[in-house]
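Colleague: Starting from these lines, generate the structure:
(one chain, ligands or ions: 1)
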Amino acid sequence: MKFDLQRIQQLESLEDEILVERIQKIRESQGKNLCILAHLYQRKKITELADFVGDSFGLSQSAARSSGKYIVFAGVRFMAESAAILCRSSQEVLHPDPEAGCPMADMASYSEVRRAWEYLKGAHPPVPVTYMNSTADIKAFCGEFGGTICTSSNALKTFEWAFEKSSRVFFLPDEHLGRNTALKYGVDPEDIAVWDPEKADGGEPENYESAKVILWRGYCPVHQKFTVRDIEQVRKFYPGAIVIVHPECPTEVVQAADEVGSTDFIRKFVAQKTKPGDKIFIGTEINLVQNLATEYPDRMITKLHRSLCLTMYQITLGRLLYTLENLETFERVQVSTDVQRYAKVALDRMLSLVI
Ligand code: SF4
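Modeller: Numbering: from 1, shown residues only. Here you go, the predicted structure:
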């Protein structure tokens with residue numbers, strides 16, 4: 001089906017209340033046939049309409065368990081692809097804006113990764129581990145070559161698993177999450193090398209053979225923005241405030257914060273470990289911070305720095321309604337059989353590590 005951009009624009013110009021009402025009507029008429037999944041970085045009006053809200057890991061589990069015929073995924077493309085890999089063949093995954101990709105996932109293309117692998121594998125190949133935030137063919141690459149997938153919630157556990165299989169780990173595509181996890185696992189900073197896909201030899205040819213962890217040079221533009229200076233300002237003007245950041249932030253930021261963890265960790269920390277009157281500065285995507293501030297008005301919850309994920313923001317109420325109005329004909333998220341087979345191997349390995 002071709003997108004009717006005029007119709008989408010028309011819907012996007014309507015009041016939120018009207019859009020929400022129309023979406024609710026379709027949800028009611030579809031009943032269990034329809035399952036809406038929304039990532040925590042989606043705007044509040046969208047998370048309120050979802051059957052499940054979570055981080056990429058939680059949502060991949062929800063997709064695997066969902067019984068709806070139509071799974072509409074309000075998130076970025078790699079998440080919808082993961083749902084398409086995990087769901088049953090009778091289910092169909094729809095992504096309201098197929099153009100909404102994750103810039104970090106797109107920093108590691110299959111051809112670049114294969115080129116790096118040929119260079120790095122040597123006599124003792126490392127275990128390839130990719131972050132959930134990667135394209136389906138990079139997940140498939142890890143499945144095919146004995147590796148797995150991790151999320152920011154289970155990255156440490158995945159390193160433990162990988163180091164039981166080999167003395168070396170090749171981590172994709174987020175350099176920061178990889179370094180933060182390697183250091184937490186106890187790897188010496190000297191034993192970490194970085195592969196830069198823009199350089200023919202990766203940039204550190206002298207280090208790859210001895211490195212315990214080789215990191216892909218990729219980053220999340222949202223989390224890369226946080227700096228140690230942001231934290232110093234909080235310490236100066238709000239003594240006693242708690243600073244929590246996501247592990248996709250640069251290592252020096254993670255080390256300067258009070259707490260570090262996945263989006264799910266951040267949510268749980270605020271709910272269970274903070275109390276009325278606390279001042280909490282959060283270094284992650286702005287929609288999650290704003291949603292938490294609304295949920296806990298008795299504490300001061302605010303951003304460490306304003307940082308919006310533009311591609312997550314491409315999913316609007318208008319686009320969601322357009323998808324639901326066209327459930328029968330809307331473009332399905334398709335993953336080729338080969339990619340699906342190996343990506344599922346890697347995803348199943350990941351799920352078996354945590355279930
Ligand atoms: S927040 Fe970062 S990692 Fe998450 S979808 Fe946006 S760009 Fe990708």
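
Colleague: Residue 245 and residue 304 touch, don't they?
Modeller: Yes. Between residue 245 and residue 304 there is a contact at 6.9 Å, judged by C-beta atoms under 8 Å. Heads up, the C-betas are built off the backbone N, CA and C, glycines and all.

Colleague: Okay, residue 115 and residue 341: tell me how far apart.
Modeller: Separation of residue 115 from residue 341 (C-beta to C-beta, to the nearest Å): 23 Å.

Colleague: now swap in residue 93 and tell me
Modeller: 17 Å.

Colleague: and these two? which has more neighbours close in?
Modeller: Per other C-beta atoms under 10 Å, whichever of residue 93 and residue 341 has more neighbours is residue 93, with 25 against 14.

Colleague: Is that one part of a helix or strand, or is it coil?
Modeller: Under DSSP: H, G, I helix; E, B strand; the rest coil, residue 93 falls in the strand class.

Colleague: contacts for the lowest-mean-pLDDT helix or strand in the chain?
Modeller: Within the chain, confidence by mean pLDDT, DSSP states H and E is lowest for helix 56-65 among all helices and strands, at a mean of 78. Here helix 56-65 makes contact (C-beta atoms under 8 Å, 6 or more residues apart in numbering) with 35, 37, 39, 51-52, 54, 71, 73, 75, 78-79, 82-83, 86-87, 93, 132-133, 151-154, 262, 264, 347, 351, 354.

Colleague: which parts of this protein sit against the ligand?
Modeller: Residues of the chain found near the ligand (C-beta under 6 Å from any ligand atom) are 41, 76, 102-104, 133, 220-222, 285, 309, 311-312.

Colleague: before we move on, back to that, shared neighbours of residue 245 and residue 304, anything?
Modeller: Joint contacts of residue 245 and residue 304 (C-beta under 8 Å, 6+ apart) are 226, 282-283.

Colleague: Tell me the spacing between residue 232 and residue 36.
Modeller: Counting by C-beta to C-beta, the separation of residue 232 from residue 36 is 41 Å.

Colleague: One more: residue 116?
Modeller: Counting by C-beta to C-beta, the separation of residue 116 from residue 36 is 37 Å.

Colleague: before we move on, back to that, could you export the shared contacts of residue 245 and residue 304 as JSON lines, including pLDDT?
Modeller: Listed next are those as JSON lines, based on pLDDT from 0 to 100:
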{"residue": "226", "pLDDT": "97"}
{"residue": "282", "pLDDT": "98"}
{"residue": "283", "pLDDT": "98"}
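
Colleague: any idea which of those residues is closest to residue 184?
Modeller: residue 283 (17.1 Å; C-beta to C-beta).

Colleague: tell me which residues form a beta bridge with that closest one?
Modeller: Residue 283 has the following beta-bridge partners by DSSP bridges: residue 245.

Colleague: Looks like it contacts residue 244 (just checking).
Modeller: Yes. The criterion here is C-beta under 8 Å, and residue 283 meets it with residue 244 at 6.9 Å.

Colleague: between the residues of the chain next to the ligand, which has the most around it?
Modeller: Top of these by neighbour number is residue 133, holding 28 neighbours under the definition other C-beta under 10 Å.

Colleague: Would you mind measuring from that one to residue 152?
Modeller: Separation of residue 133 from residue 152 (C-beta to C-beta): 9 Å.
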